[in-house]
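J.: this is a predicted model, with the sequence first.
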Protein chains: 2
Amino acid sequence: MYIKRINWAIITITCLFISICPLIIQAQEHPNLILTKAGVEKIRAQLGNVPLFDASLQKLKEEVDAEMALGIDTPIPKDYSGGYTHARHKRNMTVMQQAGVLYQILDDEKYAKYVKDMLMQYEGMYKTLPLHPKTRSYARGKLFWQCLNDSNWLVYVSQAYDCIYNYLSKVERKKLEKNLFKPFADHISVDSPQFYQRVHNHSTWGNAAVGMIGLVMNDKELIDRALYGIKGVNLDKTAKDDDGGFLNEDGKAGFLANIEEPFSPDGYYNEGPYYQRYAMYPFLIFAEGLHNVKPELKIFKYKDGVLLKSINALINLSDADGDFFPLNDGQKGMSYYNDALVTAVDISYYFGNQDPGLLSIAEKQNKVLLDDSGLAVALGVKNGEAKPFDKKSINLSDGPDGTQGGVGILRSEDLELVFKYASQGSSHGHYDKLSYSFYDNGDEVLQDYGLARFVNIEQKGGGNYLKENKTWAKQTIAHNTLVQNEKSHYQGKYDIGSKYHPDLYLFDVSNADIQLLSAKETNAYPGTEMHRTMAIIKDESFEKPFMLDILKVKSDSTNQYDLPFYFMGQVLNTNFEYEVPKTLEPLGKDNGYQHLWSEGCANTTDENTKLSWLEKGRFYTLTSATLKDDELRFVRIGANDPEFNLRREAGFIIRRKDSKNTLFVSTIEAHGSYSPVSESALNSKSNITDLKVILDTVDYTAISITTINGNSKLLILANNNASKEAKHILKINDKDYTWTGSYYYN
Amino acid sequence: MYIKRINWAIITITCLFISICPLIIQAQEHPNLILTKAGVEKIRAQLGNVPLFDASLQKLKEEVDAEMALGIDTPIPKDYSGGYTHARHKRNMTVMQQAGVLYQILDDEKYAKYVKDMLMQYEGMYKTLPLHPKTRSYARGKLFWQCLNDSNWLVYVSQAYDCIYNYLSKVERKKLEKNLFKPFADHISVDSPQFYQRVHNHSTWGNAAVGMIGLVMNDKELIDRALYGIKGVNLDKTAKDDDGGFLNEDGKAGFLANIEEPFSPDGYYNEGPYYQRYAMYPFLIFAEGLHNVKPELKIFKYKDGVLLKSINALINLSDADGDFFPLNDGQKGMSYYNDALVTAVDISYYFGNQDPGLLSIAEKQNKVLLDDSGLAVALGVKNGEAKPFDKKSINLSDGPDGTQGGVGILRSEDLELVFKYASQGSSHGHYDKLSYSFYDNGDEVLQDYGLARFVNIEQKGGGNYLKENKTWAKQTIAHNTLVQNEKSHYQGKYDIGSKYHPDLYLFDVSNADIQLLSAKETNAYPGTEMHRTMAIIKDESFEKPFMLDILKVKSDSTNQYDLPFYFMGQVLNTNFEYEVPKTLEPLGKDNGYQHLWSEGCANTTDENTKLSWLEKGRFYTLTSATLKDDELRFVRIGANDPEFNLRREAGFIIRRKDSKNTLFVSTIEAHGSYSPVSESALNSKSNITDLKVILDTVDYTAISITTINGNSKLLILANNNASKEAKHILKINDKDYTWTGSYYYN
């Protein structure tokens, strides 16, 4: 008590003498960060009239009341993610934010008191708190093992503080700011520049944390530090973080740089949707705070409105169930049902153009923010304005200027093809240039493995990245793309991968019956160019649309090429004889190959290689125009996996040895159905009898696809001129083909 | 045309001269088999007023209209299940039955004409049709590769014929009966006694087929043949069918024998629920026909009303989703959504006690029969009479007299433990005495593998049983039960297995907090007695109920014992160190062991062996009171599986070598949850710190279970006296325990 008094004395003296002391500059009303005084009045007036809002409020109230009944616990930090102290502090930050909101909306002091009491406990503890005892992080926090989580905490707690600001006495506020908030903000920024002073999702959380507490405290220095980074601090540009990413190669830092750099003009976030979802919350919640407190910044217009664009991009990067495509280090199952997306959808609706498609997602989320934006969404839903969010085929450029490759999604009926030709994607990127995954009504047909991690499950490596994430999930062979000589793209090296990216060759969805995406990559294997064109074709002689994959390889050396297909499901049949081994051996020694059991082996016997499988009551067939003496391998993930960290899923590899220039052409059909209830199998067989390369020159590749009924279609692709206006004349087998544009299809 | 006329002439002459010609005996009104004249009038009067009925009718009409638009095709039989001709004839039988119903209800002649035209095409073909060209069946059909499917056809088509009976002229009826129905009924019965003259689900279909066409034709000889079997035919009692089942060991045959034999007094069907579901339709639809045409038989009262009881048993043999437990050769995913169960539910409701629980299942099925029973159900639903079907813990005896073991299900909250101590289960039985499976909210925690077959998927062995069904699925090691010296129970021999069965020791669910099932088996391994007691215990110091498994083995020889746990999901962690091999080898050479890859190996180091896993967002922990030097094995199904017929699922085996008498005690806890959306892991750790055998004598086994919080519970089981009245006094560690009944728990 005695010590505290002394501290206050020091503060008071400090304020008197330092001219920038924020408390003196101007008075602010509170709340003003996320909730606003006017907004709260509007909300209170509507209470009981807006079902989705009322339900969200009621649910929150029950949750917070239940938590409050348990009392307050702010344990001495001890655990990694998944452990008790980690989970407790994480829970505390949420409950404080929620209790703050309840105090404002319900005007019930018990919530304010709860927040205050907890904050005071934190204040008591934080003053003398050393670094977190766990040492694994490149930037240790105090409440948590990493600054990232400390930043999460402050982003939430800033909101709580804003909500009870006026409930607290001046003395109480000073105490908290001096002993808790300011040093907390300093620890995650000036004391941890390797964490804070970067363009990275970690830093975005840091920036938002510092900025939001700065906005509440009206501390210009903190706000500037949030927007522009720590003044005068420059990091070693060659240093790397835990994930192998450069700490700060180009010296950029701060919230604005974090908007500038990772988002492409289309709103694609360079680490992929899983991390965008994670980063979204601090981006948007801090932006909302800036909009409210510093409207002159016009944050939602920044970089041509990229924050709102990015929400649209993110929703488009989800499958039919709303699950995000697990590009790079993405954990499967993360979806737009995540709370960060409730924030995103509501903010996008309110600060954007009131897209009625967003309302339908809000309906599914069955939850809104308890602020102006959530009220607007709930009112929209109440008024029946919701319309389905219509996800179409879309191409999203990557890179700050949209010139570093991208991710494209072709959609046709229930099928979604996700084609990745993006840049490295920061330290969370995978070495999988020109890879793809394929979905049928939200279920994986050919999977992207995603990450090797059980986020927040302590028993699995403390809930952190497992070593198989590097040895398997990041490696090229773990993806549906070409591997040369059993090496990963860019040698699997982050610094090389970060320099290059594939380039878009063609994106054309003008004809709904044949949609194409095509890109080229020349740096993954020096001396080798890969040009992959993927199409979804809807043809009346097929039950459903099918996928066509043309992968043209040009190399100045002789290589072995492996093209894997990570099909999901159980093998039905093949058109080739194969041998299964008596004992299983790993397919290789490194670069991910050590994690594949070789489960079956064959050589091609026919011009077409066919493999059918069954998954979730649907049939699929891969047809590939293989060459004589191609090797075929069935593989199973899980070799050299001493802790059962990997899923035991299947793969199929076409291996072509001793080749320079070559061409892989494949189709994947989705067809028919099987019901274990009626036990009837419909249309269980492939419709394609012949997949043929008719011509393959430097300039043109022509593929014919013939069906059981003898219908035949021809696709000719111009390999080096994607212009829509270009005229082409080509003679194939004495027949002249003339067309305008990058491809011919008939 | 000329030939047809001659045939008619012959029929006419035959009828005039043969005194038993059925058409002359008595006149019957039609329809009278399933639909009745009075019933149809009632239905017509209600049309438009009963939503579930109207919707079912509308759906059927759309289906039939679409089928009719495609025209009639009755191809020359050629294929196995899954092939075109098989599927076509199967579809035809259904559509005829449906069109017949539509003709009656909608009074629209186009449906009658369609049935008639198709029947005439069949008549034209059948007269000269040879045996089906595929030779795999022990009893080949003509339309299909096996008599079984021919019988299916006739069961349906009899109903169609009844519906359009009055629409046809006498001459047309004669033509059909003489050239199609009578020879058809003869082929599947007198010409195929090895199929017909048995107690077996195949024969039930045969009996129903013959009986139903007999009822429509009013042919007493056919009806008697259906009810009592073929007069004077006795089969070789040692002959076996394709599945290794005896054709007819005891000479019994006919529909009544087929009710008498396979159903226990509790209504358990000896082949298990999957086959009961399959057999249910002919049992019930023929019973309904008999009830309508021959009410004096009182078929629904036969054997103390066992047919209706069996429906209740069958529904209780389904999990929380309505999927049947895949005991014996059961295919997973078969459920009470199957049409046979629509029949079962409606008939059970109408001819039984109008159980409102059945209405809730009918609501889920969203479909009713288009007859009196379906109308009654739809009216019940309309009137809001539905109540949840409350599945409770239940013990179902097996055997005609209920004395051949049984199947018990313990239910507590979301958990369901299925304990199988039944008899062999005919040729579809597995060698898995005292095995169990364990479910959490309809999801498998420990699985029963089910069959190795892709029913009706032609690419997988013609849709028939795969050879792995015998080499894997039927073998003991494929199940969660004890294997001695790597041999299957009863030497894996059907004739031995058919002689024996386990015996119930105890079923006590009087205390909802501790429910027990216990049975003994002494013949699976001569000289060895297995006594397994399974319990579900609900205890306030646990989040959810947990399973306790006590397996006491007494042997006069020294053996190796393997106790497998086919856990579903991904390994989270263990409390023991294990080695994973560099190459995978099969665990053994035969009896199913050849299909298991040995994926990891350890020896016990602690008194408790713990394994946790994660599945569908839920955590599970096995704790086993292992002995020093027990071997622990991780296994993976799929070795020696040259066509990828087996699912690559996991198992864990406790192996105890060089033992005579021994005791295996294990618990399985379901705990906590994980959401990939919120990424929060709740209660991911086991609550049990110590599972201990306190005492194990011939007469008593005492187990203590201690939790993290230090709570300790003691269970003492009397091993040789299950009497509820018996008084027990026992001293353990100087403390006296006295209780009444088979067990002590505190």
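T.: Now that the structure is in, tell me what you want to look at.

J.: C-alpha from now on. contacts and neighbour counts both.
T.: Will do.

J.: enumerate every residue touching A:Lys142.
T.: A:Pro77, A:Leu129, A:Pro130, A:Leu131, A:His132, A:Asp150 (C-alpha atoms under 8 Å, 6 or more residues apart in numbering or on different chains).

J.: go again using 10 Å as the cut-off
T.: With contact set as C-alpha atoms under 10 Å, 6 or more residues apart in numbering or on different chains, A:Lys142 has these partners: A:76-78, A:126, A:129-134, A:149-150, A:184, A:187-188.

J.: just the pLDDT at it, thanks.
T.: For A:Lys142, the model assigns a pLDDT of 98.

J.: narrow the contacts of A:Lys142 to those in helices?
T.: A:Tyr126, A:Asn149, A:Asp150, A:Phe184, A:His187, A:Ile188 (DSSP state H).

J.: and of those, the nearest to B:Asp440?
T.: A:Asn149 (33.9 Å; C-alpha to C-alpha).

J.: what's the closest residue in space to that closest one that isn't next to it in sequence sitting at in phi/psi?
T.: Nearest residue to A:Asn149 in three dimensions, chain neighbours excluded: A:Gly141, at 7.3 Å (C-alpha to C-alpha, 6 or more residues apart in numbering or on different chains). Main-chain dihedrals, A:Gly141, degrees, to the nearest 10: phi -90, psi -170.

J.: how about the contacts made by A:Leu307?
T.: A:259-260, A:263, A:265-268, A:280, A:283-284, A:287, A:299-301, A:313, A:344, A:348, A:352.

J.: contact residues of the stretch 301-450 of chain A facing chain B?
T.: A:Asp323, A:Gln331, A:Lys332, A:Gly333, A:Met334, A:Ser335, A:Tyr336, A:Tyr337, A:Asn338, A:Asp339, A:Ala340 (C-alpha under 10 Å from any C-alpha of the partner chain).

J.: JSON lines please, covering those residues and showing pLDDT and neighbour count.
T.: Converted to JSON lines, these look like this (pLDDT from 0 to 100; neighbours: other C-alpha atoms under 10 Å in any protein chain shown):
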{"residue": "A:Asp323", "pLDDT": "98", "neighbour count": "23"}
{"residue": "A:Gln331", "pLDDT": "97", "neighbour count": "24"}
{"residue": "A:Lys332", "pLDDT": "98", "neighbour count": "18"}
{"residue": "A:Gly333", "pLDDT": "97", "neighbour count": "20"}
{"residue": "A:Met334", "pLDDT": "97", "neighbour count": "23"}
{"residue": "A:Ser335", "pLDDT": "98", "neighbour count": "25"}
{"residue": "A:Tyr336", "pLDDT": "97", "neighbour count": "26"}
{"residue": "A:Tyr337", "pLDDT": "97", "neighbour count": "20"}
{"residue": "A:Asn338", "pLDDT": "96", "neighbour count": "20"}
{"residue": "A:Asp339", "pLDDT": "93", "neighbour count": "19"}
{"residue": "A:Ala340", "pLDDT": "93", "neighbour count": "21"}
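
J.: stretch A:580-595: end-to-end distance?
T.: 18 Å (C-alpha to C-alpha, to the nearest Å).

J.: got the buried residues for that stretch?
T.: By 16 or more other C-alpha atoms under 10 Å in any protein chain shown, the buried positions in stretch A:580-595 come out as A:Val580, A:Pro581, A:Lys582, A:Leu584, A:Glu585, A:Pro586, A:Leu587, A:Asn591, A:Gly592, A:Tyr593, A:Gln594, A:His595.

J.: repeat for stretch A:502-511
T.: A:Pro502, A:Asp503, A:Leu504, A:Tyr505, A:Leu506, A:Phe507, A:Asp508, A:Val509.

J.: lovely, talk soon.
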